[in-house]
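S.K.: Next come a sequence and a model predicted from it.
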Amino acid sequence: MNEHADHRHDDRDPDAERIDAAALDWLLLMRLGEPDAADRSRFDAWRAADPRHRRAFDEHREHWNSIDDLKPAFARTDPTTVGTAEQPASVSAWPRPTRGKTENRTGRTVLQRAVKAVALAAACLALAMFAGPELLLKARTDYRTAPGEQAQVELADGSIALLNTDTAISVDFTATGRDIRLLQGEVQFTVAKDPERPFRVAAQGGSATALGTVFATRDDGNGATVTVAEGRVNVTSPGKDNGEPAAKDGSVDLSAGHQVRYLQGQSPGPLRHVDPNFELAWREGFIVIDSQPLEAALAEIDRYWPGRLILMADTDGMDPVSATIPVKSITNGLDAILAVNGLNATHLIQDYIVIH
């Protein structure tokens, strides 16, 4: 059962916290888990054993459906059969039961339960929305890392690809060229010299071409960033000129210590002078956050988190975040950032965390 969940406290019923925790655990199992016949039988027995069990479960079920914006994404179903042997639980909405004695709940408990409900519903939506793209990504991928994982791969030409967290690439080497497609994430290449076969890395409609160099490309979903640690790289992205130093064909040359970003459909630029050791600190296992808004800092940490960080707090007025977090100690780093900003974390299943 879920040991991390926040529970309400009812001074008049010493069993209230235990029952509430059990009810939430059963809801999580029936909605997001894979209950078998034995699980459903135990759930039916638990729910029938005490009226307080049914009431606590119904209240959790009610709050699940109180998020009006998410309701259309779910199908209606019969509340008397969902989660039973007759109809196994699925990702569909529970119709609202009659309200119980909710007037005894504190405002904090209502907030906690609303947070849980939003997060659980969001998790279900994510499963539905990303299952298709995930299968497509797998079909196109030659090498891949999971969130929080890094991997070094030696390619057929002797080049080395260092994949950062949650990264996927495809590789197409021919007699005339070496083509890599960055499907998502971030990767550094140490390129083996072969003047007869250009080494190209495509991302977000543009490409970076190198001959004997060390450089990294990051795809952030809207565009790509290329950082050169050694040698020279030519970055091309067709689109309207962004001004100097981009050429009219939408390309720019980078040398060591240079970085450039381009958006899809736009020319690259402008060039930035950077410290590759700082910009590519992930190579040594560190997440570096340099005076970023809290929302952006959490998004960066989320790239390395095995589940999902769900921010449900007003961050206006909070100070920028600066931190260097070892990937192996990411939980400690996250806890420190939340503590400094007076935020709390509610842990759900599968490493989903709601920050509020």
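M.R.: In hand now; what should we look at? Numbers count the residues shown, from 1 in each chain.

S.K.: What about Ser251, how many residues nearby?
M.R.: Look at Ser251: counted by other CB atoms under 10 Å, it has 18 neighbours. Any C-beta I mention is one placed from the backbone N, CA and C, and that applies to glycine too.

S.K.: mind checking how far it is from Gly269?
M.R.: 10 Å (CB to CB, to the nearest Å).

S.K.: For the residue lying closest to Arg308 once chain neighbours are set aside, the count of nearby residues, please.
M.R.: Nearest residue to Arg308 in three dimensions, chain neighbours excluded: Tyr352, at 5.1 Å (CB to CB, 6 or more residues apart in numbering). When neighbours are defined as other CB under 10 Å, Tyr352 has 21 of them.

S.K.: So Tyr352 versus Gly307, what's the distance?
M.R.: 5 Å.

S.K.: Over to Ala313?
M.R.: In this view, Ala313 and Gly307 are 18 Å apart by CB to CB.

S.K.: repeat for Ile349
M.R.: From Ile349 across to Gly307, the span is 9 Å (CB to CB).

S.K.: try Arg181
M.R.: Note on Arg181: its distance to Gly307, by CB to CB, is 27 Å.

S.K.: go on, Leu343?
M.R.: Using CB to CB, Leu343 is found at 17 Å from Gly307.

S.K.: what do you get for Glu34?
M.R.: 17 Å.

S.K.: what's the answer for Glu300, then?
M.R.: Distance from Glu300 to Gly307, by CB to CB: 16 Å.

S.K.: where in the stretch 201-350 of the chain is pLDDT low?
M.R.: By pLDDT under 70, the low-scoring segments of the stretch 201-350 of the chain are 239-249.

S.K.: And the strands in it?
M.R.: Assigned by DSSP state E, counting those that start in this stretch, the strands in the stretch 201-350 of the chain fall at 206-210, 214-219, 223-230, 232-236, 251-255, 258-263, 272-273, 286-292, 308-311, 321-326, 345-347.

S.K.: can you list those strands in a markdown table and add distance to Asp15?
M.R.: Formatted as a markdown table, the strands of the stretch 201-350 of the chain follow (distance: least, CB to CB, whole Å):
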| stretch | distance to Asp15 |
| --- | --- |
| strand 206-210 | 61 |
| strand 214-219 | 51 |
| strand 223-230 | 55 |
| strand 232-236 | 64 |
| strand 251-255 | 65 |
| strand 258-263 | 57 |
| strand 272-273 | 60 |
| strand 286-292 | 43 |
| strand 308-311 | 30 |
| strand 321-326 | 40 |
| strand 345-347 | 22 |
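
S.K.: Ok, which of those comes nearest Gln188?
M.R.: Closest to Gln188 of those is strand 214-219 (CB to CB; 4.0 Å).

S.K.: mind listing what that closest one pairs with, with the direction of each?
M.R.: Its sheet considered, strand 214-219 pairs with strand 178-190 (antiparallel), strand 223-230 (antiparallel) by DSSP bridges.

S.K.: can those strands go into a markdown table with extra columns for distance to Ala139 and mean neighbour count?
M.R.: Shown next, in a markdown table, are these (distance: least, CB to CB, whole Å; neighbours: other CB atoms under 10 Å):
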| stretch | distance to Ala139 | mean neighbour count |
| --- | --- | --- |
| strand 178-190 | 11 | 21 |
| strand 223-230 | 22 | 23 |
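
S.K.: Of all those strands, which one is nearest Leu338?
M.R.: strand 178-190 (24.9 Å).

S.K.: how about the strands paired with strand 214-219 in a markdown table, adding distance to Pro147?
M.R.: A markdown table is the format used below for these (distance: least, CB to CB, whole Å):
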| stretch | distance to Pro147 |
| --- | --- |
| strand 178-190 | 10 |
| strand 223-230 | 19 |
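
S.K.: How far does stretch 163-170 stretch from one end to the other?
M.R.: 12 Å (CA to CA, to the nearest Å).

S.K.: and if you look at stretch 261-274?
M.R.: 12 Å.

S.K.: quick one, which of the strands of the stretch 201-350 of the chain is nearest to Trp46?
M.R.: strand 345-347 (22.5 Å).

S.K.: what packs against the closest one?
M.R.: Applying 3 or more CB pairs under 8 Å, 6 or more residues apart in numbering; DSSP states H and E, one finds that strand 345-347 contacts helix 107-140, helix 330-340, strand 352-355.
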